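[1] Give the three-dimensional model of this entry:
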Amino acid sequence: MNELFANDAAVNDLLILVDGRDEEIGQATKEQAHTQGLLHRAFSVVLRREDGQGRQILLAQRAQGKYHSSGLWANSCCSHPRAGEQVLDAAYRRVPEELGCQARDLREIAGFIYRAEFDNGLCEYEYDHVLVGECVGTPDPDPSEVGDVRWVSEQDLAAELAAHPERFSAWAFTVLSLVLAQD
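    Prediction:
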């Protein structure tokens, strides 16, 4: 096993390999997908809430022990459906596992492909389904997945993305921009 995945309990999960139209073409372990740069299905969840002054978005900071992008901010929850699992089912499974809260009324608003190569030799090559929903409960994140969480207004998030894109993971800029363009 690649030592970068030593702390990842899901390293041997079978992920869904896809073509450019998100049609399933095979399976690979999480480690294989990220070391060989294989296009695979993923999802990014953005949880929102109303706070009386407008809508807020929950951001999650990737834990320091993550195999890439540690310490960077991202959308609320990012993961992969397992082989045989639908995207929405996977999202409803992963939100409480990562964040310790629940998602409600998730809906897909977009999908896009991105490829990001990292200094440690790993590669994210994903067909990413962007899901938006409401946060139910108070986040209590798994520290092996999430270093910190914060609620941010849509206006402040737009300003931060423009001023400091380097604070965000490779996919977060696109995911969060797509969500901000909604409604």
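[2] how much space between the residue lying closest to Cys123 once chain neighbours are set aside and Lys66?
    Leaving aside its chain neighbours, Cys123 sits nearest to Gly37 (3.7 Å; criterion: Cβ to Cβ, 6 or more residues apart in numbering). For the C-beta atoms, the positions are set from N, CA and C on the backbone; glycine is no exception. According to Cβ to Cβ, to the nearest Å, Gly37 and Lys66 sit 18 Å apart.
[3] So if I had to pick from the two, which one is more boxed in?
    Under the criterion of other Cβ atoms under 10 Å, the comparison of Gly37 against Lys66 puts Lys66 first, with 20 against 16.
[4] Leu129: which element?
    Leu isn't right for residue 129; it's His. strand 123-136 (DSSP states H and E).
[5] how far is that strand from where the chain is centred?
    5 Å (Cα atoms, centre = their mean, to the nearest Å).
[6] Name the strands paired with that strand and say parallel or antiparallel.
    strand 40-50 (parallel), strand 102-117 (antiparallel) (DSSP bridges).
[7] Please identify the deepest-packed of the ones you listed.
    Of all the strands paired with strand 123-136, strand 40-50 has the most neighbours on average by mean count of other Cβ atoms under 10 Å, namely a mean of 22.
[8] so after that one, what's the next helix or strand?
    Assignment by DSSP H and E places the next element after strand 40-50 at strand 55-62.
[9] Who are the packing partners of that following strand?
    strand 40-50, strand 73-74, helix 87-99, strand 146-153, helix 154-163 (3 or more Cβ pairs under 8 Å, 6 or more residues apart in numbering; DSSP states H and E).
[10] Restrict it to CA atoms and write it as PDB.
    What follows is strand 55-62, C-alpha atoms only, in PDB (Å, rounded to 0.1, in the frame of the first residue of the first chain):
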ATOM      1  CA  ARG A  55     -27.900  32.000   3.400                       C
ATOM      2  CA  GLN A  56     -24.700  30.500   4.700                       C
ATOM      3  CA  ILE A  57     -22.500  27.700   3.300                       C
ATOM      4  CA  LEU A  58     -20.700  25.200   5.400                       C
ATOM      5  CA  LEU A  59     -17.000  24.900   4.500                       C
ATOM      6  CA  ALA A  60     -14.800  22.000   5.700                       C
ATOM      7  CA  GLN A  61     -11.100  22.200   6.000                       C
ATOM      8  CA  ARG A  62      -9.300  19.000   5.000                       C
END
